[in-house]
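Visitor: What follows is a protein structure lacking sequence information:
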Ligand SMILES: Nc1ncnc2c1ncn2[C@@H]1O[C@H](COP(=O)(O)OP(=O)(O)OP(=O)(O)O)[C@@H](O)[C@H]1O
Ligand SMILES: O=P(O)(O)OC[C@H]1O[C@](O)(CO)[C@@H](O)[C@@H]1O
Ligand SMILES: [Mg+2]
């Protein structure tokens, strides 16, 4: 008989379901290394599955646990899926030269007439065979919190991904490179830091032709938007302010037009900063370049304030967003605490993943109720949010709710509206909670002073904090190293504190979301003291 299985990866990975057939386990695009259980681990209504259509991602193969070699086969399959495309896959005879990124090459003014600089003594290169371990906990039992097991014995599986960094051999001659940078989607703290470090690192390799494409992918087709020449001088201080020097946008021309434009402009390195939509675009550009046999490196740097890109510890801007979100929560707390029966509602970003709401609630310690898209809740009824608010007002005198923008969408009218990129336009759950709370307290004859704060655009526009600034620096540098090393269709991320290159389809197969059975969500519940609202 088929058995529903729940799968959770650590505290920060998506939940998925699959079906077991006797000994074989079929994971339908499930997260890598999913936990196989004989029965559901979550009540059906707390298990929400969110998945974007996979962008040509090859799903995990079915595993036949009765096969004595299943572990070996699984590891081999994993290695194949996380293999990163290289220029030599299409151009086997592509010429490799010694890297110009060495201790002797620190000035962009150097010319190569006397030969490329090289540094025999420098041992700072990454070997192409270096790997980073994706999962680092060995679980002894599938019932251990957050366990990620393939079989009931929790057999240890090694999942290696490619280590990022400069290679000794490079596949582009710096003087022949025209590099372009584009930033797409919404704003996110740290965009300027990444742009800055891509430019600086390109110059250190010896590249002199670096341009910015204005306003996202639109800049490839809009003739009124000239490309912006970039140099260390131009980008020197851009990290001191938030936003993007190049501008951002949603929507844009079809991929074919983008690649036509790249051909016309002679761009052979493209650095794409953006979220899952942008990365789907980057992968399509990479595939189109392959089809046209263009020797081009397309490298992504994941920018998602929602932190919903798979496999990475976090994405840049997330830490800053959490820090900034705390200020809104603190204001809501002060307002609520200073009012008679004050209730503060703060809506934070998170279309399908509640990471910011969860982490900001945890960090602030001032939130009584945290609501995220991954965990179903009722507003009304004996166990609903409003009943609990009444209890909080009676016992504490005030309360603070932190809600992620994608939470409780089933309570709101579905307009089917889409933004320019095709993303669903969400209803305003913050306004809804504010209105329902006012109505409820009026009905029960208890006064309540409800204040609503939506700090979204204030948070997105701030400059990166120190930890994000460092993350952006390393990601920007590694993006350039990846391109020079000849990889394309890849993105760069931090995994277990190390840096890795991943094939784009694997990181955008679906949105990473909070596992309601994770230690981190349980810690959040411990902090807020909220019951489940079912
Ligand atoms: N499947 C896709 N294929 C090709 N291009 C895409 C795809 N999805 C989105 N894009 C393009 O990527 C760009 C950015 O997409 P989107 O607005 O969804 O932002 P995002 O990268 O997901 O970032 P954010 O986290 O801010 O939403 C847009 O120009 C959009 O046209
Ligand atoms: O108003 P815009 O720019 O379309 O962006 C809004 C969206 O962008 C995000 O901040 C992600 O970039 C979402 O959380 C939010 O729904
Ligand atoms: Mg997106």
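Guide: Received it, and whenever you're ready, just let me know what you need. The shown structure was predicted, so the numbers you read here are calculated from the model rather than taken from an experiment. Numbering: from 1, shown residues only. Ligands and ions are numbered 1, 2, ... in the order given.
Visitor: Would you mind finding the longest helix in the protein?
Guide: Looking across the chain with DSSP state H, the single longest helix is helix 318-338.
Visitor: residue boundaries of the helices in this structure?
Guide: Secondary structure of the chain by DSSP H: the helices cover 70-81, 87-90, 191-205, 232-235, 255-265, 276-291, 318-338, 355-364, 385-395, 429-443, 456-460, 466-484, 504-507, 519-528.
Visitor: Can you confirm whether the longest one lies near ligand 2?
Guide: No. Helix 318-338 lies out of reach of ligand 2 by Cβ under 6 Å from any ligand atom, never closer than 8.9 Å. C-betas here are computed from N, CA, C, even on glycine.
Visitor: can you pull the buried residues of that helix?
Guide: For helix 318-338, the neighbour count (16 or more other Cβ atoms under 10 Å) marks 318-329, 331-333, 335-336 as buried.
Visitor: So the one residue in the stretch 101-250 of the chain that gets nearest to ligand 2 versus residue 129, what's the distance?
Guide: Of all residues in the stretch 101-250 of the chain, residue 186 sits closest to ligand 2, at 2.9 Å by Cβ to the nearest ligand atom. Distance of residue 186 to residue 129, given as Cβ to Cβ, to the nearest Å: 38 Å.
Visitor: angle of the longest helix of the chain against helix 466-484?
Guide: Going by axes from the mean of the first three to the mean of the last three Cα atoms, to 10 degrees, helix 318-338 is angled at 160 degrees with respect to helix 466-484.
Visitor: Show me which residues of stretch 255-271 are buried.
Guide: Applying 16+ other Cβ under 10 Å to stretch 255-271 flags 255, 258, 259, 260, 261, 262, 267, 268, 269, 270, 271 as buried.
Visitor: whoops, I mixed them up, stretch 411-431
Guide: Along stretch 411-431, these residues count as buried under the neighbour rule (16+ other Cβ under 10 Å): 421, 423, 426, 427, 429, 430.
Visitor: quick one: is that stretch near ligand 1?
Guide: Yes. Stretch 411-431 reaches ligand 1 (Cβ under 6 Å from any ligand atom) through 421, 423.
Visitor: now the end-to-end length of that stretch.
Guide: Start to finish, the residues bounding stretch 411-431 are 12 Å apart (Cα to Cα, to the nearest Å).
Visitor: Which residues outside that stretch are in contact with it?
Guide: Stretch 411-431 is contacted by residues 185, 249-252, 277, 345-347, 351, 371, 379, 403, 405-409, 432, 452, 454 when judged by Cβ atoms under 8 Å, 6 or more residues apart in numbering.
Visitor: near ligand 1, from the residues you listed?
Guide: Contacts with ligand 1 within the contacts of stretch 411-431, as defined by Cβ under 6 Å from any ligand atom: 185, 250, 251, 252, 277.
Visitor: What about the residues you listed, which one has the most neighbours?
Guide: Neighbour counts for these (other Cβ atoms under 10 Å) peak at residue 185, which has 25 neighbours.
Visitor: tell me the contacts of that one?
Guide: The neighbours of residue 185, taking Cβ under 8 Å, 6+ apart as the test, are 216, 248, 250, 274, 275, 277, 278, 303, 304, 421.
Visitor: all strands for the stretch 1-150 of the chain, in order.
Guide: Listed in chain order, the strands found in the stretch 1-150 of the chain under DSSP state E, counting those that start in this stretch are 3-7, 16-21, 24-26, 63-64, 97-98, 131-133.
Visitor: Do I have it right that residue 326 meets residue 360?
Guide: Yes. At 5.6 Å, residue 326 counts as touching residue 360 under the criterion of Cβ atoms under 8 Å.
Visitor: Give me the distance between the spatially closest residue to residue 408 that is not a sequence neighbour and residue 333.
Guide: Computed as Cβ to Cβ, 6 or more residues apart in numbering, the closest residue to residue 408 that is not its neighbour in sequence is residue 429, at 4.7 Å. To residue 333, residue 429 is 20 Å away according to Cβ to Cβ.
Visitor: swap in residue 161?
Guide: Distance check for residue 161 against residue 333: by Cβ to Cβ, it reads 41 Å.
Visitor: for residue 258, same thing?
Guide: Distance of residue 258 to residue 333, given as Cβ to Cβ: 46 Å.
Visitor: ok, now which ones touch the closest residue to residue 449 other than its chain neighbours?
Guide: Nearest-residue entry for residue 449: residue 339, 4.1 Å, with adjacent residues in sequence omitted and distances by Cβ to Cβ, 6+ apart. By Cβ under 8 Å, 6+ apart, residue 339 lies in contact with 398, 449, 451.
Visitor: and these as a markdown table, adding neighbour count and pLDDT?
Guide: Shown next, in a markdown table, are the contacts of residue 339 (neighbours: other Cβ atoms under 10 Å; pLDDT from 0 to 100):
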| residue | neighbour count | pLDDT |
| --- | --- | --- |
| 398 | 22 | 98 |
| 449 | 16 | 98 |
| 451 | 16 | 98 |
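Visitor: closest to ligand 3 among those?
Guide: Distance to ligand 3 across the contacts of residue 339 (Cβ to the ion) is lowest for residue 451, with 29.6 Å.
Visitor: And that closest one, how far from ligand 2?
Guide: 22 Å (Cβ to the nearest ligand atom, to the nearest Å).
Visitor: tell me which residues form a beta bridge with that residue?
Guide: Legend: beta-bridge partners of residue 451 under DSSP bridges are residue 344.
Visitor: Test my guess that it contacts residue 328.
Guide: No. Assessed by Cβ under 8 Å, residue 451 is found out of contact with residue 328, at 11.2 Å.
Visitor: so what sits against both of those two?
Guide: Counting by Cβ under 8 Å, 6+ apart, no residue touches both residue 451 and residue 328.
Visitor: and the closest residue to ligand 1 within the stretch 101-250 of the chain, how far is that from residue 161?
Guide: Residue nearest to ligand 1 within the stretch 101-250 of the chain (Cβ to the nearest ligand atom): residue 185, separated by 2.4 Å. In this view, residue 185 and residue 161 are 24 Å apart by Cβ to Cβ.
Visitor: Also residue 61?
Guide: 18 Å.
Visitor: and the two? which has more neighbours close in?
Guide: Neighbours per residue (other Cβ under 10 Å) separate residue 61 from residue 161, with residue 161 holding more: 24 against 15.
Visitor: Bridge partners for the more buried one, pull those for me.
Guide: Going by DSSP bridges, residue 161 forms beta bridges with residue 132.
Visitor: Contact partners for it?
Guide: Counting by Cβ under 8 Å, 6+ apart, residue 161 has contacts 82, 131, 132, 134, 311, 495, 500, 501, 502.
Visitor: one more time with 7 Å, if that's ok
Guide: If a contact means Cβ atoms under 7 Å, 6 or more residues apart in numbering, then residue 161 has 82, 131, 132, 134, 495, 500, 502 as its contacts.
Visitor: Please determine how far it is located from ligand 3.
Guide: Using Cβ to the ion, to the nearest Å, one gets 23 Å for the distance from residue 161 to ligand 3.
Visitor: For residue 178, list each beta-bridge partner.
Guide: Beta-bridge partners recorded for residue 178 (DSSP bridges): residue 209.
Visitor: Hmm, residue 209 and it touching each other?
Guide: Yes. Contact criterion Cβ atoms under 7 Å: residue 178 and residue 209 qualify, at 4.5 Å.
Visitor: what's the distance between residue 472 and residue 316?
Guide: Computed with Cβ to Cβ, the distance linking residue 472 and residue 316 is 5 Å.
Visitor: Spell out which residues are contacts of both of the two.
Guide: By Cβ under 7 Å, 6+ apart, residue 472 and residue 316 have these common neighbours: 190, 194, 464.
Visitor: Among those residues, which one has the most neighbours?
Guide: residue 190 leads those on contacts (other Cβ under 10 Å) with 33 neighbours.
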